[in-house]
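[1] the sequence and its predicted three-dimensional model are supplied below.
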Amino acid sequence: QVQLVESGGGLVQPGGSLRLSCAASGRIFSINGMGWYRQTPGKQRELVAAIASDGKTNYVASVKGRFTISRDNAKKLVYLQMNSLEPEDTAVYYCNAEIKTSIALPAFTYWGQGTQVTVSS
């Protein structure tokens, strides 16, 4: 069984910073891509940032230059450093990872439970 657990959300003022963490645990053979998504009520979940196993990253245009995704492969962690936060960044943030639980099986996509980020004065 695989679990992804996020932490680090909360309330922050505009212009402030937060760092989200996501820890993968359980029966894990390897982890391919990892990413962060966010969702607000009534809207579809959107990709915020993604990082491949080789470290290549991509970001949604609205967060480029403000957010940084990184990963620690040995510890099975992925981070999202969020700077210069804006009220429009308010959402539930979800961690996502493509995980192989066995060399014989394909990778499946797993999700965390989500962590609330609220940017407000």
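    Sure thing, it's come through.

[2] separation between Tyr37 and Asp89?
    13 Å (C-beta to C-beta, to the nearest Å). The C-beta positions use only the backbone N, C-alpha and C, and glycine is treated the same way.

[3] and Thr57, backbone torsions?
    As for Thr57, its main-chain torsions (degrees, to the nearest 10) stand at phi -120, psi 160.

[4] so what's the residue nearest to Lys75 when sequence neighbours are not counted up against?
    Distances taken as C-beta to C-beta, 6 or more residues apart in numbering place Ala23 nearest to Lys75, at 7.7 Å, with adjacent residues excluded. Contact analysis of Ala23 by C-beta atoms under 8 Å, 6 or more residues apart in numbering lists Leu4, Val5, Ser7, Lys75, Lys76, Leu77.

[5] and the third one, bridged to which residues?
    Counting by DSSP bridges, Ser7 forms beta bridges with Ser21.

[6] my guess is it contacts Thr115. True?
    Yes. Ser7 is within contact range of Thr115, at 6.5 Å (criterion: C-beta atoms under 8 Å).

[7] common neighbours of those two, please.
    With C-beta under 8 Å, 6+ apart as the test, Ser7 and Thr115 both reach Leu20.
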